[in-house]
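*Asks:* fold the following and give me the result.
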Amino acid sequence: MVEQKDLRCLPTDLKYNRVNGVGKDNKWILSNKYMFEGASSMFYKDILRDFAKTYESDILIVPTSVHEVVIVPISEVSDINEIRMLQKDNKENTPVEQFLSDNLYIYNRELEQIEFLE
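*Replies:* Numbering: from 1, shown residues only. Below you'll find the model as predicted:
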């Protein structure tokens, strides 16, 4: 149940996939079109800037594996514990060699930069 949405603001090799049925928040998977080693997509600042502009919100970035990250408009995060549960499930179910990080990040749309969330 993943809605695929190629947005005009994205380079041709990147895409968002909306995650349906996973909690209450508006979560999106960001990766490359192959969904392979696409987590580095989080460093394309124009992608994050345009996504933040669309949602008029800073963005929570949850690295899930070397292949993808989950992005959520901060304005739509209803329960941070739900995000922490996503992280926990991800860590338990992702092969060690594909696991990326326990950290959460925020894309600050005013500063146009990624910040570590403590």
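
*Asks:* and residue 10, what's its pLDDT?
*Replies:* Confidence at residue 10, expressed as pLDDT, is 40.

*Asks:* equivalent analysis for residue 59, please.
*Replies:* 94.

*Asks:* and the closest residue to it other than its chain neighbours, which helix or strand is it part of?
*Replies:* Spatially, and ignoring its direct neighbours in sequence, residue 59 is nearest to residue 107 (4.1 Å; C-beta to C-beta, 6 or more residues apart in numbering). All C-beta atoms are positioned from the backbone trio N, CA, C, and that covers glycine. Here residue 107, judged by DSSP states H and E, is contained in strand 104-108.

*Asks:* what residues of that strand count as buried?
*Replies:* Within strand 104-108, the residues that count as buried by 16 or more other C-beta atoms under 10 Å are 104-105, 107.

*Asks:* I figured residue 75 was touching residue 56, is that so?
*Replies:* Yes. Between residue 75 and residue 56 there is a contact at 7.2 Å, judged by C-beta atoms under 8 Å.

*Asks:* tell me which of these two has more neighbours.
*Replies:* residue 75 (14 against 9; other C-beta atoms under 10 Å).

*Asks:* show me the contacts for the more buried one.
*Replies:* Residues near residue 75 by C-beta atoms under 8 Å, 6 or more residues apart in numbering: 55-58.
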